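S.K.: Pasting the sequence and the predicted coordinates here, then a few questions.
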Amino acid sequence: MTGFHLAQVNVGRLVAPRDSPRVADFVGQLDELNALADRSPGFVWRLVDDGTVDAEAAAVHPRVADERFLINASVWESAEALWEYTYRSDHLRVLSRRREWFERPDGPHQAMWWVPAGHRPSVTEVMDRLARIRDHGPGPDAFTFRDRHPAPVPPRLRPRPRSRTERVRRLVR
Amino acid sequence: MTAEDDSYAALGLLGDPVRRRLYRLVAAAPEEMGRDAVAEAAGISRSLAAFHLEKLVEAGLLAVSFRRLTGRTGPGAGRPAKLYRRADGEFAVSVPPRSYDAAGRLLAETVERAGLDLELQAAARAAGAAGAGTGADLEEELRARGYAPFRDGEVLRLRNCPFHALAQEFPGLVCGMNLALLDGLAGEEWTAAMEACAGGCCVALSKTKDR
């Protein structure tokens, strides 16, 4: 257990308003999809979309105010846990139909980064991370599955340089 | 030695029919196998099996781990058994040189950028259905396509992902393609469902219920 969890965000713009029949199949599966995430191994937390616009985030990232713009953000124990849910569970059935419901992204649409366990990213924070990939490319502060970065090592777990006597004592034990 | 030389050396080992049989046995097994189990399944002596298994490990074709099979722990539990499983590394050589993997990567990138997921899935489903139409047994068909299927009760689980490296790079696209292909291959008699097999394919197949 590293004291760090993996935060992730992915965004998309629906091809039609949320109440349109064109996206009804997707909207109808959302509850089920979220429930599947919630009970997946390694799931920690998910940003709940209550239908209201985060004014603070919208001031910096105007897309947030668009009714058809959806933000999915969550926190996981590890990148592997997120991968298992995203690509190796029933979520793939929905993911594989993404082009029916979402416009083709015109830039980076997903990002992940490490957060101290217990941290809950805000809408502003997740949008900032996406912007970071767009402006600077992937790095330790915002990356993707294809350019993974390991979790930071907390100071207390960092290997300490040992004195010679200590090494010998360990060997004879 | 270059990486290509390493591949030739590793694959050359499989030219020996006994060794090839042992490799196939271990690679297709749902669980790690001990020496005794391998020797018994192959019908050869334990020491001969051990000799060949070690050669396969040295070449990087098999990997080992140690575990007590008895479930006992502590003093008196005996030495942990040496268990063999297929190694993660991939070996491929082609004479003359061919780079279908590079072409696959370029095509995947283009299809993903163009957002042609559904078109790819339609082609994959049709390719699967064409395989199902030949009347061949599904398990045999899956084996021929490299999925390394095994029966788990009534369910067919897939020990291997034939698209592994490409799926790591373009998971949404390639796993969606694979699922459509298996949907097509399953026909009406079988149903493909998302049920990940550790280290293998994320799809499992079971007999369709309402028949």
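M.R.: Here it is on my side, so go on. Numbers count the residues shown, from 1 in each chain, chains lettered A, B, ... in the order given.

S.K.: quick one: the residue most central in space within chain B from B:C201, how far?
M.R.: By CA atoms, centre = their mean, the mean C-alpha position of chain B lies nearest to B:N160, the distance being 2.3 Å. To B:C201, B:N160 is 7 Å away according to CB to CB, to the nearest Å. In this view, the C-beta of every residue, glycine as well, is placed from N, C-alpha and C.

S.K.: And A:L70, by the same measure?
M.R.: From A:L70 to B:C201 the distance is 30 Å (CB to CB).

S.K.: When those two are compared, which one has more neighbours?
M.R.: Legend: neighbour count by other CB atoms under 10 Å in any protein chain shown for A:L70 and B:C201, higher for B:C201 (27 against 19).

S.K.: Find the helix or strand that the more buried one is a member of.
M.R.: According to DSSP states H and E, B:C201 maps onto no helix or strand at all.

S.K.: Now do the same contact list for it.
M.R.: Contact analysis of B:C201 by CB atoms under 8 Å, 6 or more residues apart in numbering or on different chains lists B:147, B:157-161, B:178.

S.K.: Repeat that for A:R63.
M.R.: Taking CB under 8 Å, 6+ apart, one finds A:11, A:13, A:69, A:127 in contact with A:R63.

S.K.: Quick check: residues of chain B near chain A?
M.R.: By the rule CB under 8 Å from any CB of the partner chain, the part of chain B lying against chain A is B:115-118, B:121, B:167, B:169, B:171-172, B:175-176, B:179-180, B:193-194, B:196, B:202.

S.K.: buried subset of these?
M.R.: B:117, B:121, B:167, B:169, B:171-172, B:175-176, B:179-180, B:193-194, B:196, B:202 (16 or more other CB atoms under 10 Å in any protein chain shown).

S.K.: in chain A, what spans have low per-residue confidence?
M.R.: Chain A contains residues with pLDDT under 70 at A:1-2, A:155-173.

S.K.: Minimum distance to chain B, which residue of it gives it?
M.R.: Closest to chain B within chain A is A:S96: 3.2 Å, counting by CB to the nearest CB.

S.K.: B:A122 and B:L181 touch, don't they?
M.R.: No: counting by CB atoms under 8 Å, B:A122 sits too far from B:L181 to count as a contact (10.9 Å).

S.K.: Neighbour count: those two, which is higher?
M.R.: Per other CB under 10 Å, whichever of B:A122 and B:L181 has more neighbours is B:L181, with 25 against 13.
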